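Novice: sequence-free structure coming up:
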């Protein structure tokens, strides 16, 4: 028993001495739990997760402005009024989850709600954020029913609806025996609501109009239009999933090459290479070049495999800028991983910990919509977010050079920063 205890204590002391390994064993699970706890915690009103939405008013009526004002005051939404072209561009570039468009005639349809078709709202949805689109559709219907309820509870708002209904019945042709009682009833209801409006009071009698609705009555028709309908070319659901799968391949490449550099340093391979005429920059440059070529190969292989499934770039020349930028970002990340630990175990733990943090923060594991505002701001520092956005932009968002250039700049800057840190921290004396 003493021998077993002695061996166990030896292994525990080795674990305590390996600080990087100890971090991955003890601290990282805690950080992992804290991350998901922060993401899914309800939080307060100030920390509510808001969906970025663009609002477009093509009607310009008081009813449309009131409807958009109600949306702007809704908790959980980050609304911004925009033009139609600006809203479509914001959704296409990933800056907004959806655009809510009030077409011409919205106000007139609202005024004739009881006697005509329900007013129509167009929801321009980002297909990569279907969950947010469904939430918005539910919010729109809830808002429409609440406004309808307020209309029946406030005589001053109900009165124009009843008068439009009364006038339409008076002009209705034919000798239908049911029209005359309806005409008489709407006239009396007009007088009654007018009296209530003047008294500025509520009455349960005003709410009886709710029973006049047809069984299939709806106060609002939400027409959902997918973003991908604004451009031509093949359409495929794989266009949304392939960028995310591709990113995980790039993460694996960066981690594998970073760990291989640790193994070569530990086993003396780098020492033997230094004994040759090769210089240090040649040794690390060759490793970086191999990692970059592997990243490029994975990107091209994924695009070729996805081609039969409809995954095609609208403007293939954009890939000439995006793929090298992604290669630079993950090659720099590889160099950073290689200096996170002296042992293979420590480097593997710290490296994959860093990769998981970047994946989680960049929306590779948890959709950005579920994150608090501060976490979504933090996601700007993750190459995962920008790589996914770049490939989505080339494949189906309709990016041009103007939209793609900031993505490439961020990826190149991230790669340069990680490479600089990695090269400064690389210990040649250990090789």
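Specialist: Yep, it's here. Just so it is clear, the model here is predicted, and its values are computed rather than measured.
Novice: what about residue 412, how many residues close to it?
Specialist: 18 (other Cβ atoms under 10 Å). Glycine gets a C-beta too; all of them are placed from N, C-alpha and C.
Novice: I should have written residue 317 there, sorry.
Specialist: Neighbours of residue 317 using other Cβ under 10 Å come to 9.
Novice: same check on residue 54?
Specialist: 25.
Novice: list the buried residues of the lengthiest helix in the chain.
Specialist: As assigned by DSSP state H, the longest helix anywhere in the chain is helix 238-267. By 16 or more other Cβ atoms under 10 Å, the buried positions in helix 238-267 come out as 238-240, 242-244, 246-247, 249-251, 253-255, 257-262, 264-265.
Novice: shaky segments in the stretch 101-250 of the chain?
Specialist: 111-117, 147-219, 226-237 (pLDDT under 70).
Novice: can you rerun that using 50?
Specialist: 196, 200-217, 229-234 (pLDDT under 50).
Novice: following the one helix or strand residue 294 maps to, which helix or strand shows up next?
Specialist: Residue 294 is part of helix 280-306 when elements are defined by DSSP states H and E. Next in sequence after helix 280-306, counting helices and strands by DSSP H and E, comes helix 319-337.
Novice: quick one, that next one and helix 280-306 angle?
Specialist: Using axes from the mean of the first three to the mean of the last three Cα atoms, to 10 degrees, the direction of helix 319-337 lies 130 degrees away from that of helix 280-306.
Novice: between helix 238-267 and helix 319-337, find me the angle.
Specialist: 40 degrees.
Novice: after helix 319-337, which helix or strand is next? Please name it.
Specialist: helix 344-361.
Novice: returning to what we had before: quick one: list the elements packing against the longest helix of the chain.
Specialist: On a contact count with 3 or more Cβ pairs under 8 Å, 6 or more residues apart in numbering; DSSP states H and E, helix 238-267 meets helix 269-274, helix 280-306, helix 319-337, helix 344-361, helix 383-392.
Novice: most tightly packed of those?
Specialist: helix 383-392 (a mean of 26; mean count of other Cβ atoms under 10 Å).
Novice: domain assignment for the chain?
Specialist: Domain segmentation of the chain under automatic domain parsing yields 50-154+202-230, 238-430.
Novice: any chance of those domains in a markdown table, plus distance to residue 6?
Specialist: Listed next are these as a markdown table, based on distance: least, Cβ to Cβ, whole Å:
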| stretch | distance to residue 6 |
| --- | --- |
| domain 50-154+202-230 | 55 |
| domain 238-430 | 22 |
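Novice: weakest of these in terms of mean pLDDT?
Specialist: Lowest mean pLDDT within these: domain 50-154+202-230, a mean of 75.
Novice: how about the residue lying closest to residue 425 once chain neighbours are set aside, what does it touch?
Specialist: Closest residue in space to residue 425, ignoring its immediate chain neighbours: residue 339 at 4.2 Å, by Cβ to Cβ, 6 or more residues apart in numbering. Residues near residue 339 by Cβ atoms under 8 Å, 6 or more residues apart in numbering: 421, 422, 425, 426, 427.
Novice: which of the residues you listed has the most neighbours?
Specialist: residue 422 (23 neighbours).
Novice: which helix or strand contains that residue?
Specialist: helix 401-425.
Novice: with residue 80 instead?
Specialist: strand 77-81.
Novice: residues making contact with that strand?
Specialist: 50-57, 68, 71-72, 96, 139.
Novice: which ones among these map onto strands?
Specialist: Judged by DSSP state E, strands contain the following of the contacts of strand 77-81: 51, 52, 53, 54, 55, 56, 57.
Novice: same list (these) but as JSON lines, adding distance to residue 83.
Specialist: Below are these laid out as JSON lines (distance: Cβ to Cβ, whole Å):
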{"residue": "51", "distance to residue 83": "20"}
{"residue": "52", "distance to residue 83": "16"}
{"residue": "53", "distance to residue 83": "15"}
{"residue": "54", "distance to residue 83": "9"}
{"residue": "55", "distance to residue 83": "10"}
{"residue": "56", "distance to residue 83": "7"}
{"residue": "57", "distance to residue 83": "10"}
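Novice: buried only: go through those for me.
Specialist: Here, 16+ other Cβ under 10 Å leaves 51, 52, 53, 54, 55, 56, 57 buried among the ones in strands among the contacts of strand 77-81.
Novice: closest to residue 376 among those?
Specialist: Here the nearest of these to residue 376, counting by Cβ to Cβ, is residue 52; it sits at 9.3 Å.
Novice: so what's that closest one up against?
Specialist: Here residue 52 is in contact with 78, 80, 95, 96, 97 (Cβ under 8 Å, 6+ apart).
Novice: neighbours around the last one, how many?
Specialist: By other Cβ under 10 Å, 26 other residues sit near residue 97.
Novice: list the contacts of the closest residue to it other than its chain neighbours.
Specialist: Once flanking residues are discounted, residue 97 sits nearest to residue 132: 4.2 Å by Cβ to Cβ, 6+ apart. Shown in contact with residue 132 (Cβ under 8 Å, 6+ apart): 51, 97, 98, 125, 126, 369.
Novice: and what of residue 328?
Specialist: Residue 328 touches 292, 411, 412, 415, 416, counting by Cβ under 8 Å, 6+ apart.
Novice: now the residues you listed in JSON lines, with distance to residue 347?
Specialist: Output for those, formatted as JSON lines (distance: Cβ to Cβ, whole Å):
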{"residue": "292", "distance to residue 347": "20"}
{"residue": "411", "distance to residue 347": "24"}
{"residue": "412", "distance to residue 347": "25"}
{"residue": "415", "distance to residue 347": "19"}
{"residue": "416", "distance to residue 347": "22"}
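Novice: residue 346 contacts residue 352, doesn't it?
Specialist: No: contact between residue 346 and residue 352 fails when scored by Cβ atoms under 8 Å: they sit 11.3 Å apart.
Novice: now residue 122: closest residue in space that isn't a chain neighbour?
Specialist: residue 101 (4.1 Å).
Novice: how much space between that neighbour and residue 120?
Specialist: Here residue 101 is placed at a distance of 10 Å from residue 120 (Cβ to Cβ, to the nearest Å).
Novice: those two: who's more crowded?
Specialist: The neighbour comparison of residue 101 against residue 120 (other Cβ under 10 Å) goes to residue 101, with 22 against 15.
Novice: quick revisit: ok, the buried ones among the ones in strands among the contacts of strand 77-81 vs residue 85, which is closest?
Specialist: residue 56 (9.4 Å).
Novice: report the spatially closest residue to the closest one, excluding sequence-adjacent ones.
Specialist: Closest to residue 56 by Cβ to Cβ, 6+ apart is residue 101, at 4.4 Å.
Novice: what's near enough to touch the one you found?
Specialist: With Cβ under 8 Å, 6+ apart, residue 101 has these contacts: 56, 58, 84, 87, 121, 122, 123, 124.
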